[in-house]
Structure formats: C-alpha cells, structure tokens
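Student: Next come a sequence and a model predicted from it.
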Amino acid sequence: MPNLKAIRDRIQSVKNTKKITEAMRLVAAARVRRAQEQVLSTRPFADRLAQVLYGLQTRLRFEEANLPLLKKRQVKSVGLLVVSGDRGLCGGYNNNVIRRAENRAKELQAEGVDYTFVIVGRKATQYFQRRDQPIDATYSGLEQIPTAAEATQIADQLLSLFLSEKVDRIELVYTRFVSLVSSRPVVQTLLPLDPQGLEAADDEIFRLTTRGGQFEVERQKVTNQVRPLPRDMIFEQDPVQILDSLLPLYLSNQLLRALQESAASELAARMTAMSNASDNAGELINTLTLSYNKARQAAITQELLEVVGGAEALT
C-alpha cells in the first residue's frame, strides 16, 4: 500500500515547484516587455542613421568607395559570432543556436576554410571550450536587455579581427524571434558590409500583450520613411569620409538589433518552458491527488475490515 505521508510530501513538493516555475514565467514576461521598450527607444537613432546612409548612397556609389568595411577579399578564414544565453531553463533555445553554429563550422571545414569563434553567452562558451574549438573572444554576464555599449564592445572586437585580416568574413549566428512559441537560428554575414543591405526596408515591431489572461505577440508593420538628402546640401567633408565614419555605427546598430532579438527569443523560450512546466506540475498534482485519495480510501477500507473481523472473532 502506498505511503500516504510520502504522497503528501510529493504533492507539496510539486506545488512548490509550480510556484517557482510560474514566478519565473512572469519574470520572463516582464523582461520581454522591457526588451520591446528598448527596441522602441533605439529605433529613432536607427531610423535616422538609415536615412543618412540612404542619402549618401544617392550621392555616391558604394561600390566605387574604397573603404575597408566594404572590401571583399578571398575567404580563407571566417569569424563566427555565436549569440547564446548565460542560463538554461529556456527549452531548446541554447541547443538550437549551438547546433546551428556547429553545423556552419563543419560546412566551412568541408570547404577548406578556417574558422574561429567569438561567443556571446556562457552556454555556448562552455560547449565549445569542452570540445577544444578555436575561440578568439568570449562575452558573458551581459545585461538581460542588451545595451548599445555592449554591442559596441563586441563590434570593436569584430572590426579588429576583420581589419587586421585575421578573418576575411564575419558571420553572425543568432536566434531570430518569430513568436512566443517559435524562434529560428539563422546565419547572417556582418562583414564585409553589403551595399544592398544598407537600403531601407520595411520592418516589424513585436509587442507583447495579454488577451483573455494569456500572453500573445502583436506584429506591427513599420515603414521607414527615408528621403534623399537635399540636392543643394554641401558636405564639409568628403562623403566617402563621412561614410567611413558611419559604417562602424551601422555595424554596431545591426549587432544591437540581433542581440535584442536573441534576448527576446530567449525570454520567450523561457516563458514557454516555464508555462509548460507549470502545466505539467498541475497535471502531476492531479495524478498524485487521485493516487492519495485511492490510497486513503484503501487504508480506511482495510481498517474497517480489521475492525469487523475483530468483532466477529469476539462473538
């Protein structure tokens, strides 16, 4: 017969676990809101930067600008910037981006191209260090909501690798935010910058809202209203020099957006994982409660049978 005290202790333990997972889900939801607020706060600078670059693009042809960040070289070595998380309990978020980076490294190796890792996040760092992979730099302990200063620090390291010709191309492996229940690890080329990638394009804003007591994401299409610079505008400096100064800012901004999207994906994955854990805990509590009631009923029945048997033995 099951031990009633053991079942009661197990039920209490699962209830405590459910409280923890529910609290972690709410914390992740609050941080998702903070992440989207930061995306909105950094958008004016990104829009203005895109406007200036678009204006410069109308004044000169980027293909003719002899700038280091636009120069394409024969690819002999590639730097892989991998963005992961510092903590677990977020479903398959870390495993998916690590697997994508590992597969990309194998593809480069099969092509006879050397590679080195620049890693953001403790999980990917520990994974690749245990496998003795070439690592140039690691970053961990960053803010849950990435900041421009952190993006600039990482961008400076990438620029150092590229301009010193230690690597001929830098690729970014990060998790693109799709929805609260879906994210996709992707590979994107950061350096050299592609002039076509500097063109203005439609963008989306993701807003975390609640409906019917449940979290959901609303998508809002945003069109960048870019206009060419006035034709009578006079540059005090050569437009090529201005472009040379703005491209590192553009790189940092692109990296910041990728870090923000990865953070939103991680928090959404944690929300989903903790929500599933809470649901599973609730189902386990119901199962254990049913087992407890059955065991208690069996114990009572057994006691009644013993009482009846003892009474009959006395008569």
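Tutor: The structure has been received and is ready for your questions. These numbers were taken from a predicted model, which means no experiment stands behind them. Residues are numbered from 1 along each chain as shown.
Student: helices or strands next to the host helix or strand of residue 264 in the packing?
Tutor: Assigned by DSSP states H and E, residue 264 belongs to helix 239-314. If you count contacts as 3 or more CB pairs under 8 Å, 6 or more residues apart in numbering; DSSP states H and E, helix 239-314 packs onto helix 4-59, strand 77-83, helix 93-110, helix 148-163, strand 169-179, strand 182-191. Every C-beta, even on glycine, is put in place using the N, C-alpha and C of the backbone.
Student: Comparing those, which comes out most buried?
Tutor: The highest average neighbour count among these, using mean count of other CB atoms under 10 Å, belongs to strand 77-83 at a mean of 24.
Student: what does that strand contact?
Tutor: Residues from elsewhere that reach strand 77-83 (CB atoms under 8 Å, 6 or more residues apart in numbering): 97-98, 101, 104-105, 108, 113-121, 124, 128, 136, 154, 158, 161-162, 166-175, 190, 258-259, 262.
Student: Repeat that for stretch 171-181.
Tutor: So stretch 171-181 is contacted by 78-83, 93, 96-97, 100-101, 104, 183-190, 206, 208, 215-217, 255, 258-259, 261-262, 264-266, 268, 271-272 (CB under 8 Å, 6+ apart).
Student: cool, stretch 9-18 as well?
Tutor: 277, 278, 281, 282, 284, 285, 288, 289, 292.
Student: PyMOL command for the buried members of these?
Tutor: A single PyMOL command is used to select the members of the contacts of stretch 9-18 judged buried by 16 or more other CB atoms under 10 Å:
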select buried, resi 277+278+281+284+285+288+292
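Student: Tabulate the contacts of stretch 9-18 (CSV), appending distance to residue 305 and pLDDT.
Tutor: CSV is the format used below for these (distance: CB to CB, whole Å; pLDDT from 0 to 100):
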residue, distance to residue 305, pLDDT
277, 41, 87
278, 41, 86
281, 36, 88
282, 35, 89
284, 31, 90
285, 30, 89
288, 26, 88
289, 25, 89
292, 20, 84
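Student: thinking again about what came up before, give me the angle between the helix holding residue 264 and strand 182-191.
Tutor: If you take axes from the mean of the first three to the mean of the last three CA atoms, to 10 degrees, helix 239-314 sits at 150 degrees to strand 182-191.
Student: neighbours around residue 310, how many?
Tutor: Using other CB atoms under 10 Å, residue 310 has 9 other residues around it.
Student: what does the one 3 residues further on give?
Tutor: When neighbours are defined as other CB under 10 Å, residue 313 has 7 of them.
Student: ok, it to residue 301 distance?
Tutor: 19 Å (CB to CB, to the nearest Å).
Student: Closest to the geometric centre of the chain, which residue is that? Let me know.
Tutor: residue 262 (2.2 Å; CA atoms, centre = their mean).
Student: Distance-wise, check that one relative to residue 81.
Tutor: Distance, residue 262 to residue 81, by CB to CB: 11 Å.
Student: tell me the pLDDT at the closest residue to residue 77 other than its chain neighbours?
Tutor: Take residue 77 and drop its neighbours on the chain: the residue closest to it by CB to CB, 6 or more residues apart in numbering is residue 114, 4.2 Å away. Residue 114 carries a pLDDT value of 92.
Student: got the contact list for residue 114?
Tutor: Residue 114 touches 76, 77, 78, 108, 134, counting by CB under 8 Å, 6+ apart.
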